[in-house]
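Q: Return a 3D structure for these sequence lines:
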Amino acid sequence: MGEVSTPQSTAQIKNRTEKACAQLLGLIAGITADGHLHDLEIQFLRTWLSEKRSDGEHWLTSQISSHIEHIMADGVVTESERAELMSALQAAAGVSFAETGCVTPDTISFPADDCEVVFEGSTFCLTGKFHSGSRGECEAMTAAAGGICVGSVTKKTRYLVIGSAGATKSWKQETYGQKIDSAMKLKEQGHPIRVITEEAWRDSNDKACAALAAVVEILNQE
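A: Residues are numbered from 1 along each chain as shown. Take a look at the predicted model:
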């Protein structure tokens, strides 16, 4: 009889995915350290990504793999494609070796959307630490503007809001990574979820609350 595979728990899948993501960031930092991508480095990264798919599909792994497959579809990497891939990899790692002298990723960028934020009737999920106040205070501000706050990212979530107090350095870890990973995968499936910064959320919140206050004032005058 053949071996019966044991289903992996959610925690095991999460750990494998996070480990693969951390390894990918370290690999990117190493191959971009000299500011140039050689063909052998691109091929090595392509092979590594293919082999690591079984360790958990993080959105960043999928995104970079798709990028590499696209530029290598014709078997030739042009200089413009090489430069484009370098920019994408450096953006993923957050900093360049020339800026810091270190190949260890520091500030990790996350994929924020530039979009209009509509509060009334929209579902928000907040993650990270906020300069605007505690999580409870920020959720209360969201509700005051007409939004609905939930604790996790689902197909019904309209906005994932990333707190700016430290979140940019640890989006790939723990709660930050789980929620952004979920949001990015839902976006790839065609769901209208948007990942926004605390600044975008706060600016839109101020405008929404001001508009609501103006309406209330008009109604009170009638």
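Q: where does the chain have low pLDDT?
A: By pLDDT under 70, the weakly predicted segments of the chain are 1-10, 13-14, 53-57, 93-111, 166-177, 211-222.
Q: Apply 50 and report the result again.
A: Applying pLDDT under 50 to the chain flags the ranges 1, 3, 95-108, 167-176.
Q: ok but residue 190 is inside a helix, no?
A: No - under DSSP: H, G, I helix; E, B strand; the rest coil, residue 190 falls outside any helix and is assigned coil.
Q: How many residues are close by it?
A: Using other C-beta atoms under 10 Å, residue 190 is surrounded by 6 other residues. Just so you know, the C-beta spots here come from the backbone N, C-alpha and C atoms, and that holds for glycine as well.
Q: Going forward, count from 784.
A: Shifting the count to begin at 784 puts that one at residue 973.
Q: how's the chain carved up into domains?
A: 793-883, 906-1004 (automatic domain parsing).
Q: Of the ones you listed, give the one that comes closest to residue 900.
A: Using C-beta to C-beta as the measure, domain 906-1004 is the one of these that comes nearest residue 900, at 3.7 Å.
Q: just to revisit the earlier point, can you put the domains of the chain in a markdown table and add distance to residue 895?
A: Output for those, formatted as a markdown table (distance: least, C-beta to C-beta, whole Å):
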| stretch | distance to residue 895 |
| --- | --- |
| domain 793-883 | 12 |
| domain 906-1004 | 5 |
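Q: need the helices for this protein, in chain order.
A: Listed in chain order, the helices of the chain (DSSP state H) span residues 793-814, 822-835, 842-854, 862-876, 880-883, 918-927, 957-971, 981-1004.
Q: Residue 903 is nearest to which of those?
A: Nearest to residue 903, of all the helices of the chain, is helix 981-1004, at 7.5 Å by C-beta to C-beta.
Q: give the contact list for residue 835.
A: By C-beta atoms under 8 Å, 6 or more residues apart in numbering, residue 835 lies in contact with 803, 806-807, 844.
Q: Most neighbours among those, which one?
A: residue 807 leads the contacts of residue 835 on contacts (other C-beta under 10 Å) with 24 neighbours.
Q: Tell me, how many residues neighbour the residue lying closest to residue 913 once chain neighbours are set aside?
A: Distances taken as C-beta to C-beta, 6 or more residues apart in numbering put residue 946 closest to residue 913, at 4.0 Å, once the chain neighbours are dropped. Neighbourhood size, residue 946 [other C-beta under 10 Å]: 21.
Q: what are the phi and psi angles of residue 946?
A: Backbone geometry at residue 946, expressed as degrees, to the nearest 10, gives phi -60, psi 140.
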